[in-house]
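In: Okay, structure incoming, though there's no sequence with it:
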């Protein structure tokens, strides 16, 4: 086997592991050694925390939906406005008579800083974090709390529901299925920022420079606790319609994810068992797949001059990338399922490359920019 063929095989195997081999391994692990989860209807006091920056378009609807939840226990709702310049503070203030607490910080410091200010005022045993643009479906709060009856659980994630016709929709459904497998076989190593809950003990410390929806799952693993997904806790999330907005969002998400992963790199050690396996399989493999794709493409160029198989391999990749670009450039092409999925796959991996480049240059994303949906 030539060096080019060996590189192509290794790169192809790594990408296949990231997107297919890892889920298959989880499925087998669940079948051989599942991790049962106890759920019970217990209703401890909870604090629902909404970090908001210029969220006036969605805030009133979000508060109405949150206050309408059928949670039997005490619910404290905190709106932590982070440098908002619109009417967010006024909207939150109008709900004061219904028990909504507003923390209005004039200087913009970032999502995690806004969450930290709310944590300092929260009195719930369970802390629930949710985005202003996501909609908690009926019963979501009750469902989020039920798995905490299991003492091994430190974090519970909601499941996102999105438009099935969008490229992002297929990706989200894949992610939700993967999280169910992780819940039953290992532990989640990332939760839905649109809705997740933690034990109060996990809120200290609360680093304001690390993405909370990734960090809390790793912090739970560090302390010997599990992070699980709760399919009954559904949160409806709007689709990002503009590819430009999705591009910027993906770069920010991966950049923040890389920072969290490197800050918790000791969890990659085998002594962390199933948690380490999931970090390798879900995050590290996914974050490095774009470089495997580039290696595969470069090796295929060399192999194309050596054999018909090499030319076929190169042609298949070029066709796939051309299809993806077509979907990203022409909305009419994106209406077809295969080009739409190829386009989203290319966008995600290209954004990951850019995120790594920015991270290695020392550029950090500390202040979040809420995505218009």
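Out: Thanks, I have it. What you are looking at is a predicted structure, and each value in this text was computed from that prediction instead of being measured. Numbers count the residues shown, from 1 in each chain.
In: contacts and neighbour counts: CA atoms only from here.
Out: Will do.
In: and residue 155, helix, strand or coil?
Out: strand (DSSP: H, G, I helix; E, B strand; the rest coil).
In: quick one: residue 207 and residue 114 touch, right?
Out: No: here residue 207 does not reach residue 114: they are 11.2 Å apart, not a contact under Cα atoms under 8 Å.
In: Tell me which of these two has more neighbours.
Out: Residue environment comparison for residue 207 versus residue 114 gives the larger neighbour count to residue 114, 25 against 13, counting by other Cα atoms under 10 Å.
In: confidence score at that one?
Out: Each residue has a pLDDT score; the one for residue 114 is 96.
In: Which stretches in the protein count as strands?
Out: 46-52, 75-82, 100-105, 126-130, 134-136, 153-161, 195-199, 226-237 (DSSP state E).
In: quick one: which of those has the weakest pLDDT on average?
Out: Taking each of the strands of the chain in turn, the lowest mean pLDDT turns up on strand 134-136, with a mean of 90.
In: Just tell me which of the strands of the chain ends up closest to residue 34.
Out: Residue 34 sits nearest to strand 226-237 of all these, at 13.1 Å, using Cα to Cα.
In: helices and strands around that closest one, which ones?
Out: Taking 3 or more Cα pairs under 8 Å, 6 or more residues apart in numbering; DSSP states H and E as the contact definition, the neighbouring helices and strands of strand 226-237 are strand 134-136, helix 140-145, strand 153-161, helix 167-185, helix 212-222.
In: Could you list the residues in contact with the least confident helix or strand in the chain by mean pLDDT?
Out: Within the chain, confidence by mean pLDDT, DSSP states H and E is lowest for helix 331-334 among all helices and strands, at a mean of 79. The set of residues external to helix 331-334 that reach it, using Cα atoms under 8 Å, 6 or more residues apart in numbering, is 326-328, 339-340, 343.
In: need those in CSV with distance to residue 169 and pLDDT, can you?
Out: Formatted as CSV, those follow (distance: Cα to Cα, whole Å; pLDDT from 0 to 100):
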residue, distance to residue 169, pLDDT
326, 19, 92
327, 15, 88
328, 16, 87
339, 14, 87
340, 10, 87
343, 13, 90
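In: For the residues you listed, could you give me TSV that also reports distance to residue 4?
Out: Formatted as TSV, the contacts of helix 331-334 follow (distance: Cα to Cα, whole Å):
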residue	distance to residue 4
326	29
327	31
328	31
339	29
340	31
343	27
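In: returning to that earlier point: and of the helices and strands packed on strand 226-237, who's closest to residue 6?
Out: helix 167-185 (29.5 Å).
In: What's the mean pLDDT across that closest one?
Out: The pLDDT scores in helix 167-185 average 86.
In: Residues contacting that helix, please?
Out: Under Cα under 8 Å, 6+ apart, the answer for helix 167-185 is 23, 26-27, 29-30, 33-37, 159-164, 188, 227-231, 239, 278, 337, 340-341, 343-344.
In: Which other helices and strands does the lengthiest helix in the chain contact?
Out: Longest helix of the chain, by residue count under DSSP state H: helix 337-360. Contacts of helix 337-360 with other secondary structure elements, assessed using 3+ Cα pairs under 8 Å, 6+ apart, are made with helix 167-185, helix 243-263, helix 285-304, helix 308-329, helix 331-334.
In: Mind listing what's buried along the first one?
Out: When you say that, I think you mean helix 167-185. Using 16 or more other Cα atoms under 10 Å as the burial criterion, the residues of helix 167-185 that qualify are 167-170, 172-173, 176, 178-185.
In: So which of these is the closest to residue 198?
Out: Each of those was checked against residue 198 using Cα to Cα; the closest is residue 183, at 15.2 Å.
In: contacting residues for the most centrally placed residue in the chain?
Out: Relative to the mean C-alpha position of the chain, the nearest C-alpha, by Cα atoms, centre = their mean, is the one of residue 192, at 5.0 Å. Residues near residue 192 by Cα under 8 Å, 6+ apart: 157-160, 213.
In: one step back: list just the nearest of the contacts of helix 331-334 to residue 87.
Out: For those, the residue nearest residue 87 by Cα to Cα is residue 328; the value is 34.8 Å.
In: Verify the contact between that closest one and residue 345 for me.
Out: No: between residue 328 and residue 345 there is no contact, the gap being 10.6 Å when judged by Cα under 8 Å.
In: Could you list the low-pLDDT ranges of the chain?
Out: For the chain, residues meeting the criterion pLDDT under 70 lie at 1, 163-168, 238-245, 364-373.
In: Could you report the separation of the residue sitting furthest away from the middle of it from residue 201?
Out: What lies farthest from the middle of the chain is residue 306; by Cα atoms, centre = their mean that is 42.0 Å. Spatial separation of residue 306 from residue 201 under the definition Cα to Cα, to the nearest Å is 60 Å.
In: can you give me the end-to-end distance of stretch 74-90?
Out: End-to-end span of stretch 74-90 (Cα to Cα): 24 Å.
In: ok, now stretch 106-117?
Out: Stretch 106-117 stretches 13 Å from its first residue to its last (Cα to Cα).
In: Could you pull out the buried residues of it?
Out: Of the residues in stretch 106-117, 108-117 count as buried by neighbour count, 16+ other Cα under 10 Å.
In: Could you do stretch 62-77 as well?
Out: 62-63, 66-67, 69, 71, 75-77.
In: can you tell me which residues contact the nearest residue to residue 309 once chain neighbours are set aside?
Out: The spatial neighbour of residue 309 that comes closest, neighbours along the chain excluded (Cα to Cα, 6 or more residues apart in numbering), is residue 303 at 7.9 Å. Applying Cα under 8 Å, 6+ apart to residue 303 gives the contacts 4-5, 309-311.
In: try it again with 10 Å
Out: Contacts of residue 303 were listed using Cα atoms under 10 Å, 6 or more residues apart in numbering, and they are 2-5, 8, 297, 309-314.
In: ok, which pair from those is furthest apart?
Out: Largest separation among the contacts of residue 303 by Cα to Cα: 3 and 312, giving 18.1 Å.
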